[in-house]
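Asker: A structural model of the following input is requested.
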Amino acid sequence: NRKENMKTIKKEYLPGGAKRQEMLDKVPEYLKTPGLQSNKHMFCIEVLKMTETEYLEALNKATNGGVVRSVWN
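Answerer: Numbers count the residues shown, from 1 in each chain. The predicted structure follows:
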């Protein structure tokens, strides 16, 4: 089972943790790296325990506002 093989993140990086914001600030750079966006989305939601809002904010930062602009244009 793939989930059993995945490591869990430290408590300080989970919601409410002392280093949560530090981790969230790094996610936009992660989203810019090569790879399937669907896999990155799954990682952010299931492993990092991000909300959809946190993920979309990170994706918007990664695309320099491209996500928001694409909605309005």
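Asker: show me where the chain has its helices.
Answerer: Ranges of helices in the chain, per DSSP state H, are 2-5, 20-32, 37-42, 52-62, 66-72.
Asker: and the second one, average pLDDT?
Answerer: Mean per-residue pLDDT for helix 20-32: 94.
Asker: can I get it in CSV? Just the C-alpha atoms.
Answerer: As requested, C-alpha coordinates have been extracted for helix 20-32 and formatted as CSV (Å, rounded to 0.1, in the frame of the first residue of the first chain):
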residue,chain,number,x,y,z
ARG,A,20,3.3,25.6,9.6
GLN,A,21,3.7,29.1,8.0
GLU,A,22,7.3,28.3,7.1
MET,A,23,6.2,25.2,5.3
LEU,A,24,3.3,27.0,3.5
ASP,A,25,5.8,29.7,2.3
LYS,A,26,7.8,27.0,0.6
VAL,A,27,4.9,25.3,-1.2
PRO,A,28,4.8,27.7,-4.2
GLU,A,29,8.4,26.8,-5.1
TYR,A,30,7.5,23.1,-4.8
LEU,A,31,4.6,23.7,-7.2
LYS,A,32,7.0,25.2,-9.8
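Asker: tell me the buried residues in it?
Answerer: Of all the residues in helix 20-32, those buried under the rule 16 or more other Cβ atoms under 10 Å are 20, 23, 24, 27, 28, 31. C-beta here means a position set from N, CA and C on the backbone, and glycine is covered the same way.
Asker: got a list of what the nearest residue to residue 27 once chain neighbours are set aside touches?
Answerer: Nearest residue to residue 27 in three dimensions, chain neighbours excluded: residue 58, at 4.1 Å (Cβ to Cβ, 6 or more residues apart in numbering). By Cβ atoms under 8 Å, 6 or more residues apart in numbering, residue 58 lies in contact with 24, 27, 28, 31, 44, 50.
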